[in-house]
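A.B. asks: only the shape, not the letters, is given here:
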């Protein structure tokens, strides 16, 4: 039997009961649309995570203090303040897999400018902080090593602080007060946005860590952490090993003893986050594909009804020379056509719903050609799988009994 002719006969048969055909295809339409929407949400989340880590730098390392224990009770990471500026200097000088370092101290304070005030995070950092964090300067400059060593009272504003204190006015050269201490604004950082919805990275002020130690915290022998940039992503693990070796020697940690610090590799964190979003995408796609199976069951049900309604037609076709294969192909073609038409409409619904979710919910979605092809092929497979049994049942009918059927 000619394929084109078979498809034309299938379309004519389906058009006899337009509403029933549409309602049957509705399960496939919803299923395909749901699969594309869910996969686009998962892939959008993955892309957002990758972009966030890329903006931070995958060769970024964090050195944090370890945990303090008292009578067997561990206080958790960061409770043992044992990192010093000399530790950071030793890492910079001795670790050849390290490019930049930035000693960090942090606190919160009320910022005052004129009759405006704002409570924000104060980050005491080194001169290479922008290079380590891939953070560009929008206005002015960032402080250099000379300013850091001399502990000058200068600051660089995050965009959120700049907007709230200066409201569009030029902040460069202006004086703000941090804990009643005057600081001169020398630059403004570009906006980075929220970090995974937990906090706004732009709501901060960067000052030299030496100034923060002397003027705001009053303790110059300890730092909260050290940000490190490895030479490259490929040498990140080498940098971790070098840092651990240097600090174990400096902190006089015996072989086999627990470290009083920890080093976190951003590339490992990025890989773990990407793997999590991949699992989320598979889970969402799997849940949505259940509706495709339900749609397939609907196709099988309607095709069985169609076979029963058209027994006499089948008998007439067999009596004029139609073979079992011809009857099988006709009914199978009807199921496949129904499934493919539902798939095409479902693809349109999926793309539209993904765009609507992105627009109204503010979620990043990513509709890929792979997800469309997967959903389309899956819908066709559903038509073949669930249409085969009714088609085979129709092809096995006895012509004589079919002609007698009322």
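C.D. replies: Happy to help now that I have it. Just so we're clear, the structure is a prediction, and the values are computed from it rather than from any experiment. Numbers count the residues shown, from 1 in each chain.

A.B. asks: C-alpha only now, for contacts and for neighbours.
C.D. replies: Will do.

A.B. asks: quick one: low-confidence ranges for this protein?
C.D. replies: By pLDDT under 70, the weakly predicted segments of the chain are 1-2, 50-58, 67-80, 194-199, 267-274, 400-406.

A.B. asks: show me where it has helices.
C.D. replies: Under the criterion DSSP state H, the chain contains helices at 3-15, 18-56, 85-94, 129-133, 145-150, 159-166, 209-211, 236-250, 266-309, 311-319, 324-361, 369-395, 399-404.

A.B. asks: looking at the ones you listed, which one is packed in the most?
C.D. replies: Counting by mean count of other C-alpha atoms under 10 Å, helix 209-211 has the highest mean neighbour count of those, with a mean of 26.

A.B. asks: what's it packed up against?
C.D. replies: strand 98-113, strand 116-125, helix 145-150 (3 or more C-alpha pairs under 8 Å, 6 or more residues apart in numbering; DSSP states H and E).

A.B. asks: what's the closest of these to residue 289?
C.D. replies: Closest to residue 289 of the helices and strands packed on helix 209-211, according to C-alpha to C-alpha: strand 116-125, at 45.8 Å.

A.B. asks: so which bits of stretch 179-191 are buried?
C.D. replies: Residues of stretch 179-191 classed as buried by neighbour count (16 or more other C-alpha atoms under 10 Å): 182-191.

A.B. asks: returning to what we had before: can you put the helices and strands packed on helix 209-211 in JSON lines and add distance to residue 85?
C.D. replies: As requested, these are exported to JSON lines (distance: least, C-alpha to C-alpha, whole Å):
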{"stretch": "strand 98-113", "distance to residue 85": "6"}
{"stretch": "strand 116-125", "distance to residue 85": "11"}
{"stretch": "helix 145-150", "distance to residue 85": "11"}
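
A.B. asks: of the helices of the chain, which approaches residue 106 most closely?
C.D. replies: When the helices of the chain are ranked by proximity to residue 106 (C-alpha to C-alpha), helix 209-211 comes first, at 8.5 Å.

A.B. asks: list the contacts of residue 303.
C.D. replies: The contact partners of residue 303, taken as C-alpha atoms under 8 Å, 6 or more residues apart in numbering, are 331, 335, 387, 390-391.

A.B. asks: mind doing that once more with 10 Å?
C.D. replies: Residues near residue 303 by C-alpha atoms under 10 Å, 6 or more residues apart in numbering: 21, 24, 297, 309, 331-332, 334-335, 386-391, 394.

A.B. asks: bridging residues for residue 104?
C.D. replies: residue 225 (DSSP bridges).

A.B. asks: count of neighbours near it?
C.D. replies: Counted with other C-alpha atoms under 10 Å, the neighbours of residue 104 add up to 26.

A.B. asks: what does the one 10 residues further on give?
C.D. replies: Residue neighbour count, defined by other C-alpha under 10 Å, stands at 10 for residue 114.

A.B. asks: so it makes contact with residue 182?
C.D. replies: No. Applying C-alpha atoms under 10 Å as the test, residue 114 and residue 182 come out as separate, 11.9 Å apart.

A.B. asks: give me the common contacts of these two.
C.D. replies: Contacts common to residue 114 and residue 182, judged by C-alpha under 10 Å, 6+ apart, are 175-176.

A.B. asks: residues near residue 252, how many?
C.D. replies: 10.

A.B. asks: give me phi/psi at it?
C.D. replies: Residue 252 has phi and psi values of phi 50, psi 50 when expressed as degrees, to the nearest 10.

A.B. asks: that one and residue 240: what is the separation?
C.D. replies: Distance check for residue 252 against residue 240: by C-alpha to C-alpha, to the nearest Å, it reads 18 Å.

A.B. asks: and of the helices of the chain, who's closest to residue 203?
C.D. replies: Nearest of the helices of the chain (C-alpha to C-alpha): helix 159-166, 5.0 Å.

A.B. asks: and of the contacts of residue 303, the nearest to residue 171?
C.D. replies: Nearest member of those to residue 171, counting by C-alpha to C-alpha, is residue 24, at 64.4 Å.

A.B. asks: so residue 246 sits against residue 259, correct?
C.D. replies: No. Contact between residue 246 and residue 259 fails when scored by C-alpha under 10 Å: they sit 11.7 Å apart.

A.B. asks: overlap in contacts, these two.
C.D. replies: residue 252.

A.B. asks: so which of the helices and strands packed on helix 209-211 gets nearest residue 305?
C.D. replies: The nearest among these, by C-alpha to C-alpha, is strand 116-125 at 69.0 Å.

A.B. asks: now flag whichever of the buried residues of stretch 179-191 is closest to residue 6.
C.D. replies: residue 191 (60.4 Å).

A.B. asks: not counting sequence-adjacent ones, nearest residue to the closest one?
C.D. replies: Nearest non-adjacent residue to residue 191, counting by C-alpha to C-alpha, 6 or more residues apart in numbering: residue 159, 5.4 Å away.

A.B. asks: I figured residue 205 hits residue 189, correct?
C.D. replies: Yes. Counting by C-alpha under 10 Å, residue 205 does reach residue 189; the two are 9.2 Å apart.

A.B. asks: give the contact list for residue 153.
C.D. replies: So, once contact is read as C-alpha under 10 Å, 6+ apart, residue 153 ends up touching 147, 175, 178, 181-185, 207-208, 210-212, 215.

A.B. asks: ditto for residue 36
C.D. replies: 42, 284-285, 288-289, 346-354, 366-368, 370-376.

A.B. asks: now for residue 205 and residue 189: what residues contact both?
C.D. replies: Contacts common to residue 205 and residue 189, judged by C-alpha under 10 Å, 6+ apart, are 156-160, 162.

A.B. asks: show me how the chain divides into domains.
C.D. replies: 3-52+272-404, 83-259 (automatic domain parsing).

A.B. asks: those domains into CSV, with extra columns for distance to residue 60?
C.D. replies: Shown next, in CSV, are the domains of the chain (distance: least, C-alpha to C-alpha, whole Å):
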stretch, distance to residue 60
domain 3-52+272-404, 13
domain 83-259, 5
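
A.B. asks: which one of the ones you listed lies closest to residue 65?
C.D. replies: Between residue 65 and those, the tightest spacing by C-alpha to C-alpha is seen for domain 83-259, at 6.3 Å.

A.B. asks: which residues touch residue 41?
C.D. replies: Taking C-alpha under 10 Å, 6+ apart as the test, what residue 41 contacts is 35, 47, 277, 280-281, 284-285, 354, 357-358, 363-367.
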